[in-house]
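*Asks:* Test case, fold it:
(one chain, ligands or ions: 2)
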Amino acid sequence: MTIIVTGGAGFIGSNFIFHMLKKYPDYRIVCLDKLTYAGNLSTLASVEKNKNFRFVKADICDRQAVYKLFEEEKPDIIVNFAAESHVDRSIENPDIFLQTNILGTATLMDACRKYGIKRYHQVSTDEVYGDLPLDRPDLFFTEQTPLHTSSPYSSSKASADLLVLAYYRTYGLPVTISRCSNNYGPYHFPEKLIPLMIANALNDKPLPVYGKGENVRDWLYVEDHCKAIDLIIHNGKVGEVYNVGGHNEMKNIEIVKLICKELGKPESLITYVADRKGHDMRYAIDPSKIHNDLGWLPETKFADGIKKTIKWYLENREWWETIISGEYRNYYEKMYGNR
Ligand code: NAD
Ligand code: TDX
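*Replies:* Ligands and ions are numbered 1, 2, ... in the order given. Here you go, the predicted structure:
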């Protein structure tokens, strides 16, 4: 079995590669990644020498490079994590989101049609459903919830989902889609809420909370997401969408206060800053389908997962300090300097 994992030098893709190489020692895992600002080869250092692992630097929009890799590897399965993934960056510059997230997905699927594969899996997001109101805790996103996006990022992901389903219906491409809630865990890029707050708190810097911090996200430990994708590519039904989430809704401000508590830092570091444009209020996944059909259940409770995550950031300072001391400084100044 040969699996091409695109975007495997990023947060979730790398965790997926570690999971797969450990669980299936006879599978060949090929990582295709462009190494954008969010991709980091050092993340894959522990598997670099594994004889069943190969890394290829390429853009999923580069048709020639993608076709060449398919010819060389004759993959059975493609799992597409490659994406521009940060909502705030999509608000600044939508263009690259449309290129990678939509056209890149189409290019990968064209290769799948041309060379034949057993499964194309699209890693999507709960953000394609838009948001839910704070005063209706009884509402959840199901696979039937209409797509209703807010940001250029979520719109690009929803467009990709529609294309994936179109390739299934039109060409009979064997596809599956997973739509997961917010992940957290090791190797999470420090532009995102949890790692940004951990890094800033450790450096005694202000903790920038957007708006009132009342927005709710449904957090899932990254390993649980990887296990869900593993189940879907092996046992999921072609043409189907699976929501993935662990019923762990928390307000942003609760998360930030918890991080302060765990690190022994004062809440006076918390600074309320201008809200994100079009900021989604609440995400909440109904994961009944993947539970009933595939037996998936989240295994890591948030209380344990956040402790493990904080411990990882404490023990791997070099990984994130290298990131935040580079080009990231310009990003931070631009996004937070006058906010
Ligand atoms: P990430 O930003 O950490 O990593 C993205 C990876 O894709 C990087 O390694 C980057 O170099 C690579 N990449 C970007 N453009 C590329 C291109 N054109 N060609 C090849 N490689 C390219 O993202 P992440 O948080 O790991 O998210 C992975 C996927 O999961 C994305 O599709 C995202 O939409 C989805 N998702 C993320 C979350 C979350 O909470 N992080 C939740 C649900 C779904
Ligand atoms: O500095 C910050 N302050 C703040 O209050 C940052 C970076 C974020 N926030 C808020 C915005 C959101 O309400 O925290 C919440 C989480 O923000 P992000 O970490 O940027 O994640 P989100 O926008 O929810 O999107 C994430 O989950 C769904 C991923 O980045 C997406 O790729 C995924 O699809």
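*Asks:* show me the contacts for the residue lying closest to I270 once chain neighbours are set aside.
*Replies:* By the measure of Cβ to Cβ, 6 or more residues apart in numbering, the closest residue to I270 outside its immediate chain neighbours is L207, 4.8 Å from it. Heads up, the C-betas are built off the backbone N, CA and C, glycines and all. Residues near L207 by Cβ atoms under 8 Å, 6 or more residues apart in numbering: 197, 200-201, 256, 259-260, 269-271.
*Asks:* Check these for burial and list the buried ones.
*Replies:* For the contacts of L207, a neighbour count by 16 or more other Cβ atoms under 10 Å gives the buried set as 197, 200-201, 256, 259-260, 269-270.
*Asks:* P133: neighbour count?
*Replies:* Using other Cβ atoms under 10 Å, P133 has 9 neighbouring residues.
*Asks:* and the protein, which residues reach ligand 2?
*Replies:* When proximity is defined as Cβ under 6 Å from any ligand atom, the chain approaches ligand 2 at 85-87, 125, 127, 182, 192-193, 196, 208-210, 215, 217, 252, 276.
*Asks:* Out of those residues, which sit inside helices?
*Replies:* Cross-referencing the residues of the chain next to ligand 2 against helices under DSSP state H gives 87, 193, 196, 252.
*Asks:* just checking, S159 touches I102?
*Replies:* Yes - under the contact definition of Cβ atoms under 8 Å, S159 touches I102, with a separation of 4.8 Å.
*Asks:* shared neighbours, those two?
*Replies:* By Cβ under 8 Å, 6+ apart, no residue touches both S159 and I102.
*Asks:* Most widely separated two among the contacts of L207?
*Replies:* For those, with distances taken as Cβ to Cβ, the pair at the greatest spread is I259 and T271 (14.1 Å).
*Asks:* and the residue lying farthest from the centre of the chain, what does it touch?
*Replies:* Note on the chain: the largest C-alpha distance from the chain mean falls to S268, namely 30.5 Å (Cα atoms, centre = their mean). For S268, the set of contacting residues under the criterion of Cβ under 8 Å, 6+ apart is empty.
*Asks:* Any figure for the gap between it and L202?
*Replies:* S268 is 16 Å from L202, where distance means Cβ to Cβ, to the nearest Å.
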